[in-house]
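> Return a 3D structure for these sequence lines:
(chains A and B)
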Amino acid sequence: MVKLNSPRIWLWIAAGIVVINGFFPAVWILLTSFKTEAELTRIPITWLPENPTLQNYVQALTRAPIGRYFLNSLVVAVGATLLCVFVSALAAYALARLRIPYKTLIFSLLVGVSMFPTVTLLLPLFEMVLALGLRNTYIALILPHAALSIPVATLVLVSFFQGIPKDLESAAMVDGCSRLGALWRIVVPLSAPGVFTASILAFVNSWDEFLLSLTLLPSQAMRTLPVGIQFLQGEYTFPWPLISAALIIALVPVALVIAIFQERVVGGLTQGGVKG
Amino acid sequence: MIQPKYRRSFGDLSERALAFWLLLPAALLLGAVALYPVARLIYTSLFQRRLTDETGSNPVFVGFANFAQALSDERFWTALWNTLLIVLVTVPGALVVGLLLALLANLPFRVKWPVRLGLLLPWALPLVFAGLIFRWFFDSQYGVVNDVIVRLGGERLLWVTTPELLFWAVCISIIWKSSSFVALILLAGLQVIPKELYESASVDGANRWQSFWRITLPLLTPAILVAAIFRTITAFQTFDIPFAMQNGGSSFETLAMYVRTMSIENLNFGYGSALAVLMFLISLAVTLIYLRYVRGADD
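A predicted model of the protein is given here:
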């Protein structure tokens, strides 16, 4: 028997509170996704599925184009992440290593831009995309998504670059490497964890974004997951079996990535956040 | 090996020139997606321009008339008021819940990953998905919230269709979604508080409660302030959760929702821009306070 006043039981309770708080919405949706419509529309409601079914997943992938939404989200998020991290790495190296006038101002601008309300950029971006004839093309969303993650990616990368001893680079340059050569051969391999962290943050930002996606890629074939799943609400009279299955399909891949790389994600978040 | 000629050409760049070329791509992208749009927004806000009539192609300069219109627009004031209420409820709410989660997560667990994942999942969940999930929780017929209320002997509540209840359902969803990010920031702050402080305090006879008020809270204040300002800025932009919970409806409308409806749905670019400029200015003021605070903390 565990004694009630032993510290271990309080540790279990504390862990339980945090874990349940974090997991219960996902778990409830998972349970919902295995229930039939008949079971979901019964009162009182059931908690555990009585006759677990995969029917909702079949429906989500056939009747609703969740697979297509998934592909759209993936193309946009991967494109935005690659562009964002490449551009941010160049800027971060300059900010971490080179003597630049007005460096404080540049950092302030970066933080300031990251706090612009997205909705205020919406109309001008909408106009630009219309004028360029880019509405309902991936590039219309990749560019803004990449730009909106530049501040956080740059801040994370700056602190990683600063952690790499300058002597290593100087030694490489003495040995005949140019500055960019030293960047490519010394700094980039050593900062791979930082690049990776910045990539996850940029990816999640893009994967989660709703407002711009809704406005710039509105056609059914081009919708990203958040937009597509939100629209299921109006497209079906009782959409919840379908929505819950779609949510699980959308959540599992990202949840896995987060679970595997959680330490790096936490490190990156607090660097980008607290240091910001 | 890098070709000598290639190497020389980069090696010869002065430090300033190199910095310029390294910063240029980020500057161009941010300029096109953030700075130019703001300039364009301010410009458009001075015109009457609706895509639905001839002013769409021939905007008429009206000076500050759009702003004057906003000041007497009841819908604008309601949306602003709703947004302020969201800030006033969800920022303190997320800070209290986040602090609680951070204190719990900071206990000396042997296996750390379940607790850490418990904090990360809500952060990684798209806002719209949180809105949808809580909309289902708060469903008046088949929602789990009403189920629990009825089992406890209470009355079924019409969460989504009663305006005041909808407001609280939105707030609860936002607090759940944002408190884990607050917890992650506060957890990082808790972990840098030196353990010796607690040891010497307990030697001096302080109990846990006193240690919390005398050591933890004062040393955590900078992190709490940073989290508070971050939350204030994002709460002011609240859009996704109320949008998803009302399936795009606007019986409860935030400022961001009104700006989008006016510009994208009604295609009233001039007036929509003026509303966006007002929102931008308020947000900028909070950001400047934040920057001043961060710089003050660095010195």
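
> how close does B:Val259 sit to chain A?
5 Å (C-beta to the nearest C-beta, to the nearest Å). Placement of C-beta: from N, CA and C, glycine included.

> next one: B:Val111
Separation of B:Val111 from chain A (C-beta to the nearest C-beta) stands at 9 Å.

> How about B:Glu199?
With distances taken as C-beta to the nearest C-beta, B:Glu199 is found 17 Å from chain A.

> burial of that residue, as a residue count?
Using other C-beta atoms under 10 Å in any protein chain shown, B:Glu199 has 10 neighbouring residues.

> so what secondary structure elements neighbour the helix or strand containing it?
Taking DSSP states H and E as the definition, B:Glu199 sits inside helix B:195-203. Here helix B:195-203 touches helix B:208-211, going by 3 or more C-beta pairs under 8 Å, 6 or more residues apart in numbering or on different chains; DSSP states H and E.

> what's the angle between the helix or strand following the helix it packs on and helix B:195-203?
Downstream of helix B:208-211, the first helix or strand assigned by DSSP H and E is helix B:217-236. If you take axes from the mean of the first three to the mean of the last three C-alpha atoms, to 10 degrees, helix B:217-236 sits at 120 degrees to helix B:195-203.

> Not counting sequence-adjacent ones, nearest residue to A:Leu90?
Distances taken as C-beta to C-beta, 6 or more residues apart in numbering or on different chains place B:Leu22 nearest to A:Leu90, at 4.4 Å, with adjacent residues excluded.

> Angles on the backbone of residue 194, please.
Let's take chain A. Torsion angles at A:Gly194 (phi, psi; degrees, to the nearest 10) stand at phi -70, psi -40.

> right idea, wrong chain: chain B
phi -60, psi 130.

> how about the residue nearest to A:Leu90, what does it touch?
By C-beta atoms under 8 Å, 6 or more residues apart in numbering or on different chains, B:Leu22 lies in contact with A:Leu90, A:Ala91, A:Tyr93, A:Ala94, A:Leu98.

> per-residue confidence averaged over the one helix or strand it maps to?
Here B:Leu22, judged by DSSP H and E, is contained in helix B:15-30. Taken as a whole, helix B:15-30 has an average pLDDT of 91.

> Buried ones in the helix holding B:Glu199, by neighbour count?
By neighbour count on 16 or more other C-beta atoms under 10 Å in any protein chain shown, the buried set for helix B:195-203 is B:Tyr198, B:Ala201.

> Please work out the average pLDDT along that helix.
For helix B:195-203, mean pLDDT is 86.

> next one: stretch B:120-140
Rounded mean pLDDT across stretch B:120-140 is 94.

> Can I get it in PDB? Just the C-alpha atoms.
Extracted as PDB, the C-alpha positions of stretch B:120-140 are listed here (Å, rounded to 0.1, in the frame of the first residue of the first chain):
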ATOM      1  CA  LEU B 120       3.300  20.600 -25.700                       C
ATOM      2  CA  LEU B 121       0.100  19.000 -27.200                       C
ATOM      3  CA  PRO B 122      -2.200  21.900 -26.600                       C
ATOM      4  CA  TRP B 123       0.500  24.300 -28.000                       C
ATOM      5  CA  ALA B 124       0.800  22.300 -31.200                       C
ATOM      6  CA  LEU B 125      -2.900  21.900 -31.700                       C
ATOM      7  CA  PRO B 126      -4.200  24.300 -34.400                       C
ATOM      8  CA  LEU B 127      -6.400  27.000 -32.800                       C
ATOM      9  CA  VAL B 128      -9.300  26.100 -35.200                       C
ATOM     10  CA  PHE B 129      -9.100  22.500 -34.100                       C
ATOM     11  CA  ALA B 130      -9.200  23.600 -30.400                       C
ATOM     12  CA  GLY B 131     -12.300  25.600 -31.400                       C
ATOM     13  CA  LEU B 132     -13.900  22.600 -33.100                       C
ATOM     14  CA  ILE B 133     -13.200  20.200 -30.300                       C
ATOM     15  CA  PHE B 134     -14.600  22.600 -27.600                       C
ATOM     16  CA  ARG B 135     -17.600  23.300 -29.800                       C
ATOM     17  CA  TRP B 136     -18.300  19.600 -29.600                       C
ATOM     18  CA  PHE B 137     -17.600  19.500 -25.900                       C
ATOM     19  CA  PHE B 138     -20.100  22.300 -25.400                       C
ATOM     20  CA  ASP B 139     -22.700  20.900 -27.700                       C
ATOM     21  CA  SER B 140     -26.100  21.500 -26.000                       C
END
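
> Can it be said to contact chain A?
Yes. Counting by C-beta under 8 Å from any C-beta of the partner chain, chain A is contacted by stretch B:120-140 at B:120-137, B:139.

> do the helix or strand of chain A with the lowest mean pLDDT and chain B meet at all?
Among the helices and strands of chain A, helix A:179-182 carries the lowest confidence by mean pLDDT, DSSP states H and E, at a mean of 75. Yes. Judged by C-beta under 8 Å from any C-beta, helix A:179-182 comes into contact with chain B at A:Arg179, A:Leu180, A:Gly181.

> re earlier: which ones among the residues of stretch B:120-140 next to chain A are found in strands?
Using DSSP state E, no member of the residues of stretch B:120-140 next to chain A falls in strands.

> how about residue 245, what does it touch?
Going with chain A. Listed by C-beta under 8 Å, 6+ apart, the contact set of A:Ala245 reads A:Ser33, A:Asn56, A:Tyr57, A:Gln59, A:Ala60, A:Ile66.

> hmm, I had chain B in mind actually
Residues near B:Met245 by C-beta under 8 Å, 6+ apart: B:Gly131, B:Leu132, B:Phe134, B:Arg135, B:Phe138, B:Val160, B:Leu166, B:Ala169, B:Val170, B:Ser173.
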